[in-house]
Each structure stands twice: as C-alpha cells, then as structure tokens.
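Q: Got a predicted structure here, sequence first:
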Amino acid sequence: MHKDELLELHEQMVTIKEYFAGLEQVDPALFEPYEELDVTPDDVHMSKSEHKHAVFVLGNALANAMSEDEFSDAGRVGKRMRELAEDAERKL
C-alpha cells in the first residue's frame, strides 16, 4: 500500500472512531492508546511506518468497540490488529 492510500485509510478510520466515540455504550478509554500515539492522518510528514502502526492500533480499538467478546468476529479481528500493531511498533 502506498503512503497516500494509507493516509486515506487512516482518515476514514478516524471518521469511524469519531462515530463510535459518540456512542454512549462505548468506553472512551478504548481509544486512549491511539490518542497517545499522537499520529493523525494530517501528519503527512510522519513516516509510513508510524501511520501503519497508528492504523493497527486504531483498528484494534474499533474492533474492540464492536465486539461482544474475544471470540466474536470483531473480537478475533481486534486480537489480530493488536498483533499487527505490536509487530509494526517493533519495526519503528
């Protein structure tokens, strides 16, 4: 994936995050790991690797926001996103 495509994906995922963050039943603490990264789609000067890591961290948070438990489809996606985020972080 090219960096511009990754930035577009990141931007779309942030839009989804904003929707879920506005829901009463979603714990806002789910998104704290993403917020702590301080990497937004507007930060075009940041590396592709940093955006990739942010996308995986955000993907994990979104999957957890949608999951009923770790064995649901979203729960399994969340687990995989967490693994990918850890791998991406090691490569930073």
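A: That came in fine, so what should we check first? Worth saying up front: this structure is predicted, and the values here are computed from it rather than measured.

Q: and the closest residue to P28 other than its chain neighbours, how far is that from M1?
A: Sequence neighbours aside, A21 is the residue nearest to P28 in space, at 6.0 Å (criterion: C-beta to C-beta, 6 or more residues apart in numbering). Any C-beta I mention is one placed from the backbone N, CA and C, and that applies to glycine too. Distance, A21 to M1, by C-beta to C-beta, to the nearest Å: 25 Å.

Q: what do you get for L9?
A: L9 is 8 Å from M1, by C-beta to C-beta.

Q: For the two, indicate the residue with more neighbours.
A: Counted by other C-beta atoms under 10 Å, L9 and M1 do not tie: L9 has more neighbours, with 17 against 10.

Q: if we can go back for a sec, I figured the residue nearest to P28 hits F31, correct?
A: Yes. Look at A21 against F31 with C-beta atoms under 8 Å: they come within range, at 6.1 Å.

Q: between those two, which one's more packed in?
A: A count of neighbours by other C-beta under 10 Å puts F31 above the other of A21 and F31, at 20 against 15.

Q: tell me the contacts of the more buried one?
A: 17, 20-21, 58, 61 (C-beta atoms under 8 Å, 6 or more residues apart in numbering).

Q: packing partners for the regular element (helix or strand) spanning A74?
A: Using DSSP states H and E, A74 falls within helix 73-90. If you count contacts as 3 or more C-beta pairs under 8 Å, 6 or more residues apart in numbering; DSSP states H and E, helix 73-90 packs onto helix 48-66.

Q: which outside residues touch the helix it packs on?
A: Counting by C-beta under 8 Å, 6+ apart, 3, 6-7, 9-10, 13-14, 16-17, 20, 26-27, 30-31, 33-34, 37, 39, 41, 43, 74-75, 77-78, 81-82, 84-85, 88-89, 91-92 sit against helix 48-66.

Q: At the geometric centre of the chain, which residue sits there?
A: L58 (1.1 Å; C-alpha atoms, centre = their mean).

Q: now it: how far from K48?
A: Going from L58 to K48 by C-beta to C-beta gives 15 Å.

Q: thinking again about what came up before, mind exporting the C-alpha coordinates of the helix holding A74 to PDB?
A: Extracted C-alpha coordinates of helix 73-90, given in PDB (Å, rounded to 0.1, in the frame of the first residue of the first chain):
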ATOM      1  CA  ASP A  73     -15.800 -12.000  14.700                       C
ATOM      2  CA  ALA A  74     -14.900  -8.500  15.800                       C
ATOM      3  CA  GLY A  75     -13.100  -9.800  18.800                       C
ATOM      4  CA  ARG A  76     -10.900 -12.000  16.600                       C
ATOM      5  CA  VAL A  77     -10.200  -9.100  14.300                       C
ATOM      6  CA  GLY A  78      -9.300  -7.000  17.400                       C
ATOM      7  CA  LYS A  79      -6.800  -9.600  18.500                       C
ATOM      8  CA  ARG A  80      -5.200  -9.800  15.100                       C
ATOM      9  CA  MET A  81      -5.000  -6.000  14.900                       C
ATOM     10  CA  ARG A  82      -3.300  -5.900  18.300                       C
ATOM     11  CA  GLU A  83      -0.700  -8.500  17.000                       C
ATOM     12  CA  LEU A  84      -0.100  -6.400  13.800                       C
ATOM     13  CA  ALA A  85       0.200  -3.200  15.900                       C
ATOM     14  CA  GLU A  86       2.800  -4.900  18.100                       C
ATOM     15  CA  ASP A  87       4.700  -6.100  15.000                       C
ATOM     16  CA  ALA A  88       4.600  -2.600  13.500                       C
ATOM     17  CA  GLU A  89       5.800  -1.000  16.700                       C
ATOM     18  CA  ARG A  90       8.800  -3.200  16.800                       C
END
